[in-house]
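Enquirer: let's see this in three dimensions:
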Amino acid sequence: MPRFLLRVAYDGTDFHGWQRQEPPDVKPLRTAQGALTDAVSDLLGERISVNGASRTDAGVHARGQVAAFSSGQARVPIERLPMAINTRLPADIEVREARVVCDAFDPVRDCLSKSYSYRLRHGSAGRPPHVNGRADPFDREMTAHCHQSLDLAAMQLAASQMTGTRDYKAFAHCPEQRETTVRSVHMCAVSELSPGLLRFDVAGSGFLYHMVRIMVGTLVDVGRARLDAGSISDLIASGERKRAGQTMPPQGLCLEWIHYSGQELP
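Expert: Numbering: from 1, shown residues only. So this is what the prediction gives:
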């Protein structure tokens, strides 16, 4: 049976995360996976199971989520499949690419690496833009805010110590839910997009629950001088969640891309 890969983008503001949620005796929650599954099923005239590579949380956005499904009923030419699905989707989610992949392709198991970004305004220079005395609603939903000015150089030094293949238990919420808390972080960087607007970028083989948001929260504490920039390696080695920073709010977080080996993607 043919298998299809979809690259999907969505504004996570009004979604209860990626994963379909159907609590008993109540209306199913609005999720990105649920919207996409319903659209694909409607297009093909059969109930389809659409699986995603990353279970983004409520309020988290995506530019490069990857999903896959199998169907023998997909008679729409592959180059027209995104448009055909998008006509059945709400405005806050869209399919940006579709391609045929090998029958055994699994978007979770076959993932080699993924990347997230996090946008944060800080200090007086980072006050959100206002229109007619009100904050820009798009900025509010896509960017987190910190009233205090942050030390960029200190955060960049701390970020350079967050990479490697290590036990990241200190950056995990509910680590007991995982068989192992060892992960490989390939890159962690902080840059200034404009005065008062920061972007954090993290890439790795995979991440623990809330791991990226806790990493950013830890860097923010470094920027506030609540943590020493040189203490990050010891903090990670301790495995103690209480030593790390806060879990940052979801709206600043965006899944940027997911990479595969190419063998699954002919």
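Enquirer: give me the distance from stretch 45-60 to the chain's centre.
Expert: Distance, stretch centre to chain centre, for stretch 45-60: 13 Å (Cα atoms, centre = their mean, to the nearest Å).
Enquirer: make residue 1 into 55 and carry on from there
Expert: Okay, residue one is now 55; in that scheme the one you just asked about reads as stretch 99-114.
Enquirer: can I get that stretch in PDB, CA atoms only?
Expert: Extracted C-alpha coordinates of stretch 99-114, given in PDB (Å, rounded to 0.1, in the frame of the first residue of the first chain):
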ATOM      1  CA  GLY A  99     -13.100   8.700   1.500                       C
ATOM      2  CA  GLU A 100     -11.800   6.300   4.100                       C
ATOM      3  CA  ARG A 101     -10.700   6.600   7.700                       C
ATOM      4  CA  ILE A 102      -6.900   7.200   7.700                       C
ATOM      5  CA  SER A 103      -4.400   7.100  10.500                       C
ATOM      6  CA  VAL A 104      -2.000  10.000  10.200                       C
ATOM      7  CA  ASN A 105       1.100   9.700  12.500                       C
ATOM      8  CA  GLY A 106       3.400  12.600  13.300                       C
ATOM      9  CA  ALA A 107       7.100  12.800  14.200                       C
ATOM     10  CA  SER A 108       6.800  15.100  17.200                       C
ATOM     11  CA  ARG A 109       4.100  15.500  19.800                       C
ATOM     12  CA  THR A 110       4.200  19.300  20.200                       C
ATOM     13  CA  ASP A 111       2.400  20.600  23.300                       C
ATOM     14  CA  ALA A 112      -0.600  22.900  23.400                       C
ATOM     15  CA  GLY A 113       0.300  26.400  22.200                       C
ATOM     16  CA  VAL A 114       3.500  25.200  20.400                       C
END
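Enquirer: got the buried residues for that stretch?
Expert: Neighbour-count burial for stretch 99-114 flags 102, 104, 106-108, 110-114 (criterion: 16 or more other Cβ atoms under 10 Å). For glycine as for every other residue, the C-beta is placed from the backbone atoms N, C-alpha and C.
Enquirer: out of those, which comes closest to V236?
Expert: Closest to V236 out of the buried residues of stretch 99-114 is S108 (18.6 Å), distances taken as Cβ to Cβ.
Enquirer: contacting residues around that closest one?
Expert: Residues near S108 by Cβ atoms under 8 Å, 6 or more residues apart in numbering: 72, 116, 119-120, 168, 309, 312.
Enquirer: of those residues - the most surrounded one?
Expert: Q119 (29 neighbours; other Cβ atoms under 10 Å).
Enquirer: helix or strand next in line after the longest strand along the chain, which one?
Expert: Longest strand in the chain by number of residues (criterion: DSSP state E): strand 236-248. Remark: after strand 236-248, the chain's next helix or strand is strand 251-258, criterion DSSP states H and E.
Enquirer: may I have the strands that pair with that following strand, each with its orientation?
Expert: Its sheet considered, strand 251-258 pairs with strand 167-176 (antiparallel), strand 236-248 (antiparallel) by DSSP bridges.
Enquirer: can you tell me what sits against it?
Expert: 167-176, 180, 197, 204, 206, 209, 213, 216, 237-247, 266, 269-270, 273, 310.
Enquirer: using PDB, list the CA coordinates for that strand.
Expert: This file holds the C-alpha atoms of strand 251-258, laid out as PDB (Å, rounded to 0.1, in the frame of the first residue of the first chain):
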ATOM      1  CA  LEU A 251      14.300  40.300  20.500                       C
ATOM      2  CA  LEU A 252      16.200  37.000  21.000                       C
ATOM      3  CA  ARG A 253      16.100  33.700  19.200                       C
ATOM      4  CA  PHE A 254      17.200  30.400  20.800                       C
ATOM      5  CA  ASP A 255      18.000  27.500  18.400                       C
ATOM      6  CA  VAL A 256      18.400  23.900  19.600                       C
ATOM      7  CA  ALA A 257      19.000  20.800  17.400                       C
ATOM      8  CA  GLY A 258      19.500  17.200  18.400                       C
END
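Enquirer: since that was my last question, I'll sign off now.
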